[in-house]
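In: take this sequence and fold it.
(one chain, ligands or ions: 4)
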Amino acid sequence: MIPVDLHCHSTVSDGLLSPREVVRLAHARGCELFSLTDHDDLRGLADAADEAHALGMAFVTGVEISVSWGKHVLHVVGLGFDPENAALKQGLETVRAGRWERAERMAESLAGAGIPDVLEGARKYAENPEMISRAHFARYLVEIGKAKDVRSVFYKYLKPGMPGFVEHEWARLHEAVKWITDAGGVAVLAHPGRYEMGPETLRVLLIEFKRLGGAALEVGSGCHGAADVSRFGKLAKEYGYLASCGTDYHATNEGAREPGLNGDLPFGCEPVWTRWLPN
Ligand code: AMP
Ligand code: MN
Ligand code: MN
Ligand code: MN
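Out: Ligands and ions are numbered 1, 2, ... in the order given. Prediction:
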């Protein structure tokens, strides 16, 4: 299978490299088909596409939309859409609009737990302040010694039930899928192994996502172990989903994989990316 990476982040959301740098790194690591999928924002796509073009690497437009589904937060990756589509751009703008206000509430809650001025601290890490995220909070909390690394900061401060976590309403699942598909793209349920839901709820989600127009499941993910890949490969086949694959790269030394080294799917899975392969 050709090396593909259809899930990566840049400084446009919570990654540490610029869009051009992520593209160069993926290409240097052998990637042949790439998508930049920043959270809720398309601002990096023009530079990423331009850089990929200069390197001769196939590029697909991408985004990762934050969704509230009941009490769950889901991520829906959109691939291969028209980045100028007005309804998609407008929809993403509404998703971004809530982020700063949410960050203020997170900072207030952390101040109440004895950690002041976190918003100012996190802000330094967010090159695109509209896209301030828990990852930026995490980097600042590591900087001031609240935990040894980003991963443990999430467990101590930023997960549900912890002082830095506040409830927030993201896009609705049907909206996110419609924005993507109406713009000519493919909606992919990102890293299903990360959602803390039982198998029955997951099945309800897979039926619902399909009914709404979702077409693929992210089977290969930097967040998935071998058992997840095999489990979601089976579910993709059972529910008639195409399979996608991406590293979910954010930054070197922050846990997930380096960009550009993905693309192996379990036997019998149908890759979502066939339509974008270079001739
Ligand atoms: P937000 O969209 O602001 O809720 O931030 C979510 C982002 O935080 C994800 O996209 C990841 O980049 C990061 N994240 C979430 N959970 C973890 C975790 N357990 N360890 C490291 N990073 C995480
Ligand atoms: Mn992220
Ligand atoms: Mn995600
Ligand atoms: Mn991601």
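In: OK, now which residue of the stretch 1-150 of the chain is nearest to ligand 4?
Out: residue 64 (4.8 Å; CB to the ion). For the C-beta atoms, the positions are set from N, CA and C on the backbone; glycine is no exception.
In: residues touching that residue, list them.
Out: For residue 64, the contacting residues are 7, 9, 13, 37-40, 75-78, 190, by CB atoms under 8 Å, 6 or more residues apart in numbering.
In: now residue 135
Out: Contacts of residue 135 (CB under 8 Å, 6+ apart): 14, 150, 250.
In: isn't the second one up against residue 138?
Out: Yes. Checked against CB atoms under 8 Å, the pair residue 150 and residue 138 is within contact range at 4.5 Å.
In: the more surrounded of those two?
Out: residue 138 (26 against 20; other CB atoms under 10 Å).
In: element containing the more buried one, please.
Out: Residue 138 is part of helix 134-143 when elements are defined by DSSP states H and E.
In: and whichever helix or strand comes after that helix, how far out from the chain's middle?
Out: Helices and strands here follow DSSP H and E; after helix 134-143, the next one along the chain is helix 150-153. Here helix 150-153 is found 18 Å from its chain centre; the criterion is CA atoms, centre = their mean, to the nearest Å.
In: buried residues, helix 150-153. List them.
Out: With burial defined by 16 or more other CB atoms under 10 Å, the residues of helix 150-153 counted as buried are 150, 153.
In: name the next helix or strand downstream of that helix, please.
Out: That would be, after helix 150-153 and using DSSP H and E, strand 171-172.
In: contacts for that following strand?
Out: Contacts of strand 171-172 (CB under 8 Å, 6+ apart): 65-69, 91, 94-95, 179.
In: count the neighbours of the closest residue to residue 69 other than its chain neighbours for me.
Out: Excluding the flanking residues, the one nearest residue 69 by CB to CB, 6 or more residues apart in numbering is residue 173, at 5.0 Å. By the criterion of other CB under 10 Å, residue 173 has 23 neighbours.
In: check the one 5 residues further on too.
Out: Residues within reach of residue 178, counting by other CB under 10 Å, total 18.
In: what's the answer for the one 5 residues further on, then?
Out: Counted with other CB under 10 Å, the burial measure for residue 183 works out to 21 neighbours.
In: that one and residue 83, how far apart?
Out: 8 Å (CB to CB, to the nearest Å).
In: ok so, going back, which residues are in contact with the residue nearest to residue 69?
Out: Counting by CB under 8 Å, 6+ apart, residue 173 makes contact with 67, 69, 74, 76, 208-209, 212.
In: give me the distance between it and ligand 1.
Out: Separation of residue 173 from ligand 1 (CB to the nearest ligand atom, to the nearest Å) stands at 16 Å.
In: give the contact list for residue 123.
Out: 129, 132, 136.
In: residue 158 reaches residue 151, doesn't it?
Out: No. Using CB under 8 Å, residue 158 is not in contact with residue 151, being 10.4 Å away.
In: many thanks, we can stop here.
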